[in-house]
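[1] coords please:
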Amino acid sequence: QVELVESGGGLVQPGGSLRLSCAASGFVFRWYALSWYRQAPGNERELVATINYSGSSTNYKDSVKGRFTISRDNAKSTMYLQMNSLKPEATAVYFCTVLVGQSGYWGKGTLVTVSS
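    So this is what the prediction gives:
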């Protein structure tokens, strides 16, 4: 079965960096686009970044452009989100997701807290 496991979250000061990972299994990783979403307390889940199957094309939420980088290693079935110059408003649970056929799959998320 499809499984997505996020890791790398934690507490970081404003201006700091974190690298999130999403380890995938249960499907042919290199065939599918993947995305990172986040959900802050009291807010709806929002799309942060998307990467195509090969990693040659990426898209970002406007507010993270130039600071976040999405990437993938198809040999390791793992996707990443490098987050630099973090702001307090980035505090949220970050999820990775994939659409396989007509079914969407989500990980359980990893908490990122940006605070001094």
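
[2] Show residues contacting the host helix or strand of residue 23.
    Secondary structure here is read from DSSP states H and E; on that basis residue 23 sits in strand 18-25. Counting by Cβ atoms under 8 Å, 6 or more residues apart in numbering, the neighbours of strand 18-25 from elsewhere in the structure are 2-10, 12, 34, 36, 76-83, 86, 94, 96, 98, 107, 110, 112. C-beta here means a position set from N, CA and C on the backbone, and glycine is covered the same way.

[3] Quick check: ChimeraX command selecting the buried ones in the residues you listed.
    Remark: buried members of the contacts of strand 18-25, expressed as a ChimeraX selection using 16 or more other Cβ atoms under 10 Å:
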select :4,6,8,9,12,34,36,77,78,79,80,81,83,86,94,96,98,107,110,112
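
[4] Can you list the strands that the strand holding residue 23 pairs with?
    The strands beside strand 18-25 in its sheet (DSSP bridges) come out as strand 3-7 (antiparallel), strand 78-83 (antiparallel).

[5] Make CSV out of those strands and add distance to residue 57 and mean pLDDT.
    Formatted as CSV, these follow (distance: least, Cβ to Cβ, whole Å; pLDDT from 0 to 100):
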stretch, distance to residue 57, mean pLDDT
strand 3-7, 20, 98
strand 78-83, 14, 98
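
[6] any chance of those strands in TSV, with distance to residue 66 too?
    Supplementary listing: those in TSV, determined by distance: least, Cβ to Cβ, whole Å:
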stretch	distance to residue 66
strand 3-7	23
strand 78-83	12
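
[7] how about the most centrally placed residue in the chain, what does it touch?
    Using Cα atoms, centre = their mean, the residue of the chain that lies closest to the mean C-alpha position is residue 36, 3.1 Å off. Taking Cβ under 8 Å, 6+ apart as the definition of contact, the neighbours of residue 36 are 20, 22, 47-50, 70, 79, 81, 94-97.
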